[in-house]
Every structure is written in structure tokens, then in C-alpha cells.
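Chemist: coords please:
(2 chains)
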Amino acid sequence: MKRSAIWFVVFLAALAAAAGGLVYAQFDAGYYSQRNPGAIMQPTAPEETDGATYGVTAYPLYPPGLAPGPGREDVQSYCSTCHSTRYITMQPPLPPETWTAEVNKMVKVMGQPIPEDVQPVIIKYLQTHYTPETRKP
Amino acid sequence: MHDFPEVSRRKLLRTAAMAAGAVATRGFGSVKKLFAQQSEVPDNEKLLPTFTGPSQNPYWNSVGPLVEYPQKSPLVLLTDRPVQLETPRHYFESTFTPNEAFYVRWHLDEIPNTVDLANWRVSIEGAVDRPLKFSMSDLTSKFKPISIAAVNQCSGNSRSKFQPRVPGGQWGHGAMGNANWTGVRLRELLEAAKIKQDALSVQFQGLDKGKGPEGHASNEFLKSLDLKNSVLDECIVAYAMNDQPLPMLNGFPVRLVVPGYFATYWMKGLSWIRVLDKADENFWMKTGYRVPDNPRGNTTPEDVKAGTVKTVPISRMPVRSFIVTPDGGSKLVAELPLTIRGIAFSGYGSVNKMEISISESFSAVSGLTTKKWTAAELGEDHGPYSFRTWTHRWTPSRPGRYVLAARATDGKGNVQPDDGVWNPGGYLWNRIEYQEVVVGRSS
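Modeler: Numbers count the residues shown, from 1 in each chain, chains lettered A, B, ... in the order given. Reported below is the predicted structural model:
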């Protein structure tokens, strides 16, 4: 083959590559990620009766992960009588004195019987993991 | 990313092909730019953080996961027991919030799963001459039905915007909803029971119950209104919400509707209407849901610490407005017209003026003086206590970052302020809200 013919083929190939690139350059498609935010499964409808009772199925629980460390079991048992511990994890990082005030409020105002020797353990736990200085993402 | 090498390789090949195309048509200078553009391909791997703070929550909604609950579309989870769920932003494009998307907030964890209407009654008791009990069929057949469009907003809506942050439900802006409520006038029920002369207030209790010891706030949730309060004339015991039975989580079988007032008074599963001849001293009136006794309910952490803040029970909702779309989630196109949509409401009567400001730089945001307000178009008027939609057509003239702001004025002349409020309960937030948008080139 003549030298000029080879160059012509190379030139055609380059042109084809450029044209292909042009098509791609106009848009971008077909990307999927396996790291997704998660699916919500669909529940079934409850069985209905024709009586005068109206209702729904049990309300689902979504228990949060509490930071591991001393006092976690006390928090789990004493702070979940009336409410889920999501009440803790939902909060923004709060100053240590706010956590002290919250625990005192639960005991004195809300009437939760946390033994006196356990109260400081719970306060310490919350201050160790849920203040602006200590909270981890 | 390194977990999925095939994706990266493909991306690389594609970029190389694009580079070849770019070199052929625009020269080598454009290659670098192209690689930069590639990194803009959205990777659906970035999730919101699991909490915000100690700074302000920068998002419109709170950051919890979307979850499934009976009779509900996926809503944003705040807490699972008692249930607290927030309505995602896009539902506020319409005047009426769908029942299945309406936010949920309970105070106590024993909330009804079922109600037997054969036994359920709403009773009127206490300082009345004729204690009465009404069944659902009494309510629907013996009284004239009345409907009102009214916004139900949690006192702590937008609490996550407070600086410094305060403890409590960390709501974004979605602890609100608007519905057309139908039911019986509360006054008619009270008149039927004949209130005694010396009666002072009327207390409401619903079907929820807490596991705390009796006599404590953790056991019962009770709210009351003064009998002299003119809002009682507008109150409805509602058995329908947007022409449907109430969802269980929104207060089936009936809930109190207190137009213009924060939702704390809108008792869900209302079953006891108690007329009192003395002041209501229960926690939820005397200690909880109170705001500083000044026009905006404003104070400082220092004054709270000093114990000098005089408080009153929370009452009417200050004027608010929101930009619903565009939501900043996707880039806008220069020279392509779009409609900015939003809602506005006030507990003090109809919103009759809506303004929008579009600034082309960040610096223009700080301070009222630098904003130029133009009137937005108001949607249909559904009465003084309803959401009112508004729209504004906008053609972004050139690429860049823009800051949109919306400001409502209500019938009493109250204008949304440009600064936040602070009080320890995290109540009454109503400042002007901003939406940042990015506009890209159109060619």
C-alpha cells in the first residue's frame, strides 16, 4: 500500500473517533450507581371488617444506633419508657449543660424514675457522645 | 468509588472519547474543561447527613430518612415513638396538602391503632349544666356541617433553623399543612351542654396516653382555651379532612380545628371537652408551649438564664411564605423561562401581598436595603386561614448563582421580617426564606 493511502486510512479513523466523541459530547447517559439511598418496601392493606371498628396496622419502629460506650445500656432502658431514643439522635449537638437540664427535666417534670446513681451515668454518656465537641457523624 | 472499577473505567473511556471529539472540533484547550464537566455527572451516592448542627440546618426539610407509615406516603422521619413525621417540600406546590402527606406529631406514645365507633363518644363535662356525650352519628346528623380551609402548623415548625440551636423536635419547614376541614361548630356543642356562669376556660383531651406517672406531662396531653377567646367562635370539631375521614395519625375520629392558631391546640382524637371554672395549671399550658410576652416572642439565652423572661401561652401563627420551586435541586437554564411557585399564610388573616426578590450575588442577600422587591401573582383565595399559592414568572438572563427570596404581607399589615427569632422553645420562626439557584449556559 502506498504511504499516502495509509495516512488516508489513519485520517478516516481519526475522523470517525472525533465524530463518535461528538455524539457523546452532546449528552451523557447510562450511569447507574449501586450505592443507592435505599428502598421502602410497600406494605399490604389491612384486612377490613364491616363493624364499627376502624384502624391501622402497628406503627413501625425505626430504632437508631446509639453511640457505643459506657452508659449506653442505661440510656436504652431508662430513656425509652416513654419515647424512642431517636429523641436523642435527632437533636443537634447540644452543650453539656443542656443535656444535664434535659435529664433533670425527665426526672423532675416528666416523672421518670431514674435511680440517683444512674442519672450521672446517663448525663455523662450524652455529654460524651452528643455535644458539639464530641458528636461523630 | 473504588468498589466499582468497571464504572470508573467506563467513565474514563467515555471521557477520552469526548476529549477526542472536543479536540477535533474545538482544539486542545477545551479538553481540560471537559474533564471538569465530567465530574459534574451526579453520583447518587451522596446522602444527607444524619443530623445537623450546631449551626443552622441548611436544608428545607429536616434530614431524617423517608419512611413508610399506615395511610401515609413516605414522609421524613423525626421520631418513631411517639410518631413525628415531616411533609417533604414538593407537596406544598398545591393549596391543599394531601392527607397521605400531611405531617404527624404526637406527644405521647400510646396513640390509637383502632377506634370502635360503637363505643367512642366525645363528651362535654365539667362546669356545665347538662353533661353530654356525642357519637359520630350524632355529630354528622344532629348538627349543621361547616367547612373551613385552615393551616395546621406545629409550634416548633422550622426549629432546626434556630441559632443557637434549641432541644426539641428538629423540624425543617415541613411541619405544616393546609386542609379543608369539615365538622361541627364547637360553640354549638358547648351551648347544648349549657356552660355554667362561673366557667373560665375549656380544656381538650384526645385518645393519646403516655407511660409516665399520673399527674405528669408524660401521662396526659391537655390543652385549653379561654372561654372569652373569640377564636372559640371559629373552632370546629372536624370529622373530615379534605372531604375524607381523618387518617389515624392525624386524629381520627375527630380533631379540634382552631383556625389561625398553632397546632398544639388542635387536639387529635378529641374525646373530652372539659369546661373549667379555674385556670388550667397543667404542664402543657403552664410550662410547655409558652413564648416570651412580646410581639415576636423574642428573647436571648442570657435573659432565659437570668430568669427575667415573662411568657404567655403560644397562640396565633405569624405571617410566613415559602418558595417551593425551584428548590435548588437542579440547575436552571439561562434564557429559559420558568415559574417560581410558593405558598403563604398568616394566623392573623389573609395574605394580600406577596413579593419576590431575585439577587444575582450573595452580598445582595445581607440586609433588607439591598433587595429589590417585585410583586408576585397571588393564587385563588380560599379564605383567611388557608395557604395561598403564588407564582412569579422569571427568565434568568445569564448564567450564575442567584438568590431568591419571598416575602408575604398579611391583612393586618404584618410583613415577614428579615431576621430570625430566638426563644428556648424553638417557636414562632417566620423570617424571610431564601433559595439559592444555579443557572447554567444555554449554549
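Chemist: C-alpha from now on. contacts and neighbour counts both.
Modeler: Fine.
Chemist: buried residues in stretch B:208-224?
Modeler: Buried residues in stretch B:208-224, counted by 16 or more other C-alpha atoms under 10 Å in any protein chain shown: B:208-212, B:216-224.
Chemist: Likewise for stretch B:396-408?
Modeler: When burial is assessed from 16+ other C-alpha under 10 Å, stretch B:396-408 yields the following buried residues: B:396, B:399, B:401-408.
Chemist: cool, stretch B:149-158 as well?
Modeler: Counting neighbours by 16+ other C-alpha under 10 Å, one finds that the buried residues in stretch B:149-158 are B:149-158.
Chemist: near chain A at all, it?
Modeler: No. Stretch B:149-158 stays clear of chain A (C-alpha under 8 Å from any C-alpha of the partner chain), getting no nearer than 13.3 Å.
Chemist: Report how many residues lie close to residue B:359.
Modeler: 19 (other C-alpha atoms under 10 Å in any protein chain shown).
Chemist: Next: residue B:320.
Modeler: Neighbourhood size, residue B:320 [other C-alpha under 10 Å]: 27.
Chemist: Please name the residues that touch it.
Modeler: By C-alpha atoms under 8 Å, 6 or more residues apart in numbering or on different chains, the contact list for residue B:320 reads B:344-346, B:407-408, B:416, B:430-432.
Chemist: likewise residue B:432?
Modeler: Counting by C-alpha under 8 Å, 6+ apart, residue B:432 touches B:320-321, B:405-407, B:416-419.
Chemist: closest to chain A among those?
Modeler: residue B:419 (21.3 Å; C-alpha to the nearest C-alpha).
Chemist: where in chain A is pLDDT low?
Modeler: For chain A, the stretches with pLDDT under 70 are A:1-2, A:16-24.
Chemist: do stretch B:298-311 and chain A meet at all?
Modeler: No. Against chain A, stretch B:298-311 shows no contacts by C-alpha under 8 Å from any C-alpha, the least distance being 11.8 Å.
Chemist: Check stretch B:235-255 too.
Modeler: Yes. Stretch B:235-255 comes into contact with chain A (C-alpha under 8 Å from any C-alpha), by way of residue B:248.
Chemist: what is the mean pLDDT for that stretch?
Modeler: On average, the pLDDT along stretch B:235-255 is 98.
Chemist: Pull up the distance across that stretch, start to finish.
Modeler: 10 Å (C-alpha to C-alpha, to the nearest Å).
Chemist: Mind listing residues that contact it?
Modeler: A:55-56, B:71, B:96, B:98-100, B:102-104, B:112-113, B:115, B:136, B:146, B:179-187, B:256-259, B:266-270.
Chemist: buried subset of those?
Modeler: A:55-56, B:71, B:96, B:98-100, B:102-104, B:112, B:115, B:136, B:179-186, B:256-259, B:266-270.
Chemist: neighbouring contacts of the helix or strand residue B:304 falls within?
Modeler: Per DSSP states H and E, residue B:304 falls inside helix B:301-306. Applying C-alpha under 8 Å, 6+ apart, the contact partners of helix B:301-306 are B:309, B:423-424.
Chemist: Which SSE is immediately downstream of that helix?
Modeler: Heading C-terminal from helix B:301-306, the first helix or strand you meet, by DSSP H and E, is strand B:311-313.
Chemist: if we can go back for a sec, need the max-distance pair from the buried residues of stretch B:396-408.
Modeler: B:399 and B:408 (27.9 Å; C-alpha to C-alpha).
Chemist: quick one on the thing from earlier: nearest to chain A, of the buried residues of stretch B:396-408?
Modeler: Relative to chain A, the closest of the buried residues of stretch B:396-408 is residue B:399; by C-alpha to the nearest C-alpha it sits at 19.0 Å.
Chemist: mind checking how far that closest one is from residue B:331?
Modeler: For residue B:399, the distance to residue B:331 - C-alpha to C-alpha - is 10 Å.
Chemist: what do the two both touch?
Modeler: Jointly contacting residue B:399 and residue B:331 under the rule C-alpha under 8 Å, 6+ apart are B:438-440.
Chemist: thinking again about what came up before, for the contacts of residue B:320, give me TSV that also has secondary structure and pLDDT.
Modeler: As requested, these are exported to TSV (DSSP: H, G, I helix; E, B strand; the rest coil; pLDDT from 0 to 100):
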residue	secondary structure	pLDDT
B:344	strand	98
B:345	strand	98
B:346	coil	98
B:407	strand	97
B:408	strand	98
B:416	coil	97
B:430	coil	98
B:431	coil	97
B:432	coil	96
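Chemist: Make a markdown table out of those residues and add distance to residue B:235.
Modeler: A markdown table is the format used below for the contacts of residue B:320 (distance: C-alpha to C-alpha, whole Å):
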| residue | distance to residue B:235 |
| --- | --- |
| B:344 | 22 |
| B:345 | 18 |
| B:346 | 17 |
| B:407 | 29 |
| B:408 | 25 |
| B:416 | 26 |
| B:430 | 24 |
| B:431 | 28 |
| B:432 | 29 |
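Chemist: Relative to chain A, which of the contacts of helix B:301-306 is nearest.
Modeler: Nearest member of those to chain A, counting by C-alpha to the nearest C-alpha, is residue B:424, at 11.2 Å.
Chemist: which residues touch the closest residue to that closest one other than its chain neighbours?
Modeler: Ranked by C-alpha to C-alpha, 6 or more residues apart in numbering or on different chains and with sequence neighbours excluded, the top spatial neighbour of residue B:424 is residue B:166, at 6.2 Å. Counting by C-alpha under 8 Å, 6+ apart, residue B:166 makes contact with A:94, B:159-160, B:424-426.
Chemist: Which parts of chain B belong to which domain?
Modeler: Here the domain parsing of chain B from automatic domain parsing is B:5-38, B:66-288, B:320-440.
Chemist: so where do the helices sit in the chain?
Modeler: I'll assume chain A. A:3-26, A:72-78, A:86-89, A:96-108, A:119-129 (DSSP state H).
Chemist: sorry, should have said chain B
Modeler: Using DSSP H, the helices of chain B run over B:5-26, B:29-38, B:136-142, B:186-193, B:283-286, B:301-306.
Chemist: residues contacting residue B:95?
Modeler: Applying C-alpha under 8 Å, 6+ apart to residue B:95 gives the contacts B:178, B:343, B:386-389.
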